[in-house]
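Enquirer: no sequence for this one, just the structure:
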């Protein structure tokens, strides 16, 4: 028998869906070839487990051919351990072929994670594009 009292419908107890919020936080990755053989990878969103899953394959493909990799972190709002992994493994691949990688313009929170984890000792962090490009030469 169905309960007819207001607010007792099962649908009333389900949390509402927020598709716009999910889409807004979804990780995006784009690439651009810059002068001097620099490949710029722009990451946008949360680098959590889901975000890392979105970018892993593409980052590894890029790392397989790039010699100078600029990873733009300006629009990364969160960086977790899986996100760190998605940056470090491709960076090691580039380094193993004699290439260079620079992390560009992370937010204060993201930079704090990079420094706390010690990634900044492996990959330079630059907030100025000219300095970032110079570090790749």
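Expert: Ah, there it is. Owing to the predicted nature of the structure, the values given are computational and were not obtained by experimental measurement.

Enquirer: who's in contact with the closest residue to residue 129 other than its chain neighbours?
Expert: Closest residue to residue 129 apart from its sequence neighbours, by Cβ to Cβ, 6 or more residues apart in numbering: residue 104 at 7.0 Å. All C-beta atoms are positioned from the backbone trio N, CA, C, and that covers glycine. Neighbouring residues of residue 104 by Cβ atoms under 8 Å, 6 or more residues apart in numbering: 40, 70-74, 125-127, 129, 132.

Enquirer: name the nearest residue to residue 91, ignoring sequence neighbours.
Expert: Spatial nearest neighbour of residue 91, chain neighbours left out: residue 101 (4.3 Å); criterion: Cβ to Cβ, 6+ apart.

Enquirer: which other residues reach the helix or strand where residue 132 lies?
Expert: Assigned by DSSP states H and E, residue 132 belongs to helix 129-135. Helix 129-135 has contacts (Cβ under 8 Å, 6+ apart) with 34, 36, 38, 70, 100, 102, 104-105, 124, 126.

Enquirer: switch the cut-off to 10 Å
Expert: Outside of helix 129-135, the residues within contact range by Cβ atoms under 10 Å, 6 or more residues apart in numbering are 34-36, 38, 40, 68, 70-72, 100-105, 123-126, 128.

Enquirer: with stretch 32-40 instead?
Expert: Residues contacting stretch 32-40 (Cβ under 10 Å, 6+ apart): 30-31, 41-42, 62-63, 65-72, 94, 99-102, 104, 129, 132-133, 136-137.

Enquirer: mind running it again at 8 Å?
Expert: Identification of contacts with stretch 32-40 by Cβ under 8 Å, 6+ apart yields 31, 42, 62, 66-70, 72, 104, 133, 136-137.

Enquirer: and it, which residues are buried?
Expert: By 16 or more other Cβ atoms under 10 Å, the buried positions in stretch 32-40 come out as 38-40.

Enquirer: same question for stretch 117-133.
Expert: Of the residues in stretch 117-133, 119, 123, 125-126, 132-133 count as buried by neighbour count, 16+ other Cβ under 10 Å.
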